[in-house]
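[1] This is a predicted model, with the sequence first.
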Amino acid sequence: MPDATPMTILNVDDNEEKRYIVSRMLRAEGFTVIEAENGREALRLAQDRPDLIVLDVKLPDISGFEVCQILKADPTTASIPIMHLSAHYTNSGDRSEGLDGGADAYLNHPVQQQELASTVRALLRMRTAENQAKALYERERRIVETLQRALLLTVPSDTYPGLDVATFYQAAWEEASIAGDFFDTFALPEGKVALVVGDASGKGLAAAAHTAEVKYALRAILHETPHPGQALSRLNDFICHSYQTHGYGLELVVALAVSVLDLGAGKAHFASAGAEPPLVLRASGVAEEIAIGGLPLGVYAGTEYKVDQKTLDVGDALLITTDGITEARRSGDFLGYEGFIELSKRFQSLPSTQEYGQSIVEEARAFAGGKFQDDVCLLIARRV
């Protein structure tokens, strides 16, 4: 049965009688047909993007093989299905040449109306399926990008009195910029501030939705329980229960580091779930790694998370990163955590926290030859 809206077919043949026969058969099957009698006219009409092209091989100016190659090389016409229909080039070698040159089907003439129509409809079904898949992908991509923008919202550096905050995100691959890395900073009761950096496994809509769930669940939990170790335990139980409910496995685990700063007392409490250790860099240049370990979230319910505490004085900086920086590599050598510490010290004297963090990220990228292998997320907070 033809579609309610007839699809348009471009029929290209220099033989008027053969072109008439083929056009008549296609119209009898409910298609709209436009015609071209040579290759150059076919290339011009193809810019109007017909739904399919029936293309003779032996044309007077440009061979059908060459026309097909030109159309398939042009992004504006590459997706148009092309079917060669030839009365002269009919052996297996000709068909192979046509199909290898980009044609989607190859029939010999004369051809029966039923075979012609069935082949055309099969090609059109394939094109419709491809278009639907592309539309679905674009819709998913827009949803994910909206979600990720919410996961990577920055705050003005002076949002929290006595604290200068800067955040950075860099996708490893432009076409795969939708990932599970995120950062978060938000105020808690009694003058406290939460600083969070996380890395959820996976990419695409599932990873972004899962990451958003984790981010905002942690916000709610920390407002009730502003203790990082207890908060991670509660969040882990929530995630494990969610996995059981929805049938997820370890493909959606989350590595996360959280610090709760009491700005009035100058105290910082830390907890980590499989993440890179937070780094405290003193104003004097002394680096202190907060190596408290902890399983990633979503592995075992009932997991408890250790807490460490540090005093942060004016001029001290706290740096939290994902492994995109530490795993920056060049010729098999990783930058590593020690390299991260070295970069943090090298640029410590920069007065702007934004410039400080940007310099660390750019120098790590330079170490990796200009290209990160994993997404990078970095949060820096300085006592001022």
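    That came in fine, so what should we check first?

[2] and the chain, what are its domains?
    Following automatic domain parsing, the chain resolves into domains at 8-141, 152-383.

[3] how distant is the first one from the center of its chain?
    Put simply, domain 8-141 sits 34 Å off its chain's centre (C-alpha atoms, centre = their mean, to the nearest Å).

[4] can you pull out the strands in the stretch 1-150 of the chain?
    In the stretch 1-150 of the chain, the strands defined using DSSP state E, counting those that start in this stretch lie at 8-12, 32-36, 52-55, 82-86, 105-108.

[5] Listing partners with orientation, what would you give for the last one?
    So that's strand 105-108. Next to strand 105-108 in the sheet, as set by DSSP bridges, lie strand 82-86 (parallel).

[6] now the second one
    For strand 32-36, the paired strands and their directions (DSSP bridges) read strand 8-12 (parallel).

[7] Give the rounded mean pLDDT of the partner strand.
    The average pLDDT within strand 8-12 is 97.

[8] For Arg282, find the nearest of the strands of the stretch 1-150 of the chain.
    With C-beta to C-beta, the closest approach to Arg282 among those belongs to strand 82-86: 67.8 Å. The C-beta positions use only the backbone N, C-alpha and C, and glycine is treated the same way.

[9] now the closest one: mean pLDDT?
    On average, strand 82-86 scores 96.

[10] try stretch 123-131
    Computed over stretch 123-131, the average pLDDT equals 93.

[11] Then stretch 318-332?
    Averaged across stretch 318-332, pLDDT comes to 94.

[12] thinking Arg346 is in contact with Ala364, fair?
    No - judged on C-beta atoms under 8 Å, Arg346 makes no contact with Ala364 at a distance of 11.3 Å.

[13] Pick out whichever of those two has more residues nearby.
    Shown here are Arg346 and Ala364; by other C-beta atoms under 10 Å, Ala364 has more neighbours (23 against 12).

[14] list the contacts for the more buried one?
    325, 328, 335, 339-340, 343, 372, 376 (C-beta atoms under 8 Å, 6 or more residues apart in numbering).

[15] rerun at 10 Å
    Neighbour list for Ala364: 170, 321, 324-328, 335, 339-340, 343, 372, 376, 378 [criterion: C-beta atoms under 10 Å, 6 or more residues apart in numbering].

[16] again, but for Leu222
    The contact partners of Leu222, taken as C-beta under 10 Å, 6+ apart, are 184, 186, 188-189, 192, 194, 196, 228, 230-232, 234-235, 258, 260.

[17] ok so it is a strand residue?
    No - under DSSP: H, G, I helix; E, B strand; the rest coil, Leu222 falls outside any strand and is assigned helix.

[18] returning to that earlier point: worst average pLDDT in the domains of the chain?
    Among those, domain 152-383 scores lowest, with a mean of 90.

[19] can you give me the helices in the stretch 101-250 of the chain?
    Per DSSP state H, counting those that start in this stretch, the stretch 101-250 of the chain carries helices over the ranges 113-151, 204-224, 228-246.

[20] To Met25, which of these lies closest?
    Nearest of those to Met25, taken as C-beta to C-beta: helix 113-151 at 4.3 Å.

[21] Next, the angle from that closest one to helix 204-224.
    Angle, helix 113-151 to helix 204-224, by axes from the mean of the first three to the mean of the last three C-alpha atoms, to 10 degrees: 20 degrees.

[22] which one of the strands of the stretch 1-150 of the chain lies closest to His210?
    Across these, His210 has its closest neighbour in strand 52-55 (41.1 Å, C-beta to C-beta).

[23] Dump the closest one to CSV, keeping only the CA atoms.
    Output in CSV follows, covering the C-alpha atoms of strand 52-55 (Å, rounded to 0.1, in the frame of the first residue of the first chain):
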residue,chain,number,x,y,z
LEU,A,52,14.7,8.0,-3.9
ILE,A,53,16.6,8.0,-7.2
VAL,A,54,16.3,5.4,-10.0
LEU,A,55,19.5,5.8,-11.9
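
[24] Parallel or antiparallel, which strands does that strand pair with?
    Here, using DSSP bridges, strand 52-55 pairs with strand 8-12 (parallel), strand 82-86 (parallel).

[25] mind putting the ones you listed in JSON lines, mean neighbour count and distance to Ala166 included?
    Shown next, in JSON lines, are those (neighbours: other C-beta atoms under 10 Å; distance: least, C-beta to C-beta, whole Å):
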{"stretch": "strand 8-12", "mean neighbour count": "23", "distance to Ala166": "55"}
{"stretch": "strand 82-86", "mean neighbour count": "24", "distance to Ala166": "53"}
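
[26] Format those as a markdown table; extra columns: distance to Ala283.
    Listed next are those as a markdown table, based on distance: least, C-beta to C-beta, whole Å:
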| stretch | distance to Ala283 |
| --- | --- |
| strand 8-12 | 72 |
| strand 82-86 | 68 |
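
[27] from what I can see Gly266 touches Asp313, true?
    Yes - counting by C-beta atoms under 10 Å, Gly266 does reach Asp313; the two are 6.4 Å apart.

[28] Comparing the two, which residue is more hemmed in?
    Gly266 (15 against 11).

[29] and the more buried one, backbone torsions?
    Per-residue torsions, Gly266: phi 70, psi 30 (degrees, to the nearest 10).

[30] now it: how far from Leu99?
    Per C-beta to C-beta, to the nearest Å, Gly266 is found 72 Å from Leu99.

[31] again with Val57
    Remark: distance between Val57 and Leu99 (C-beta to C-beta) = 12 Å.
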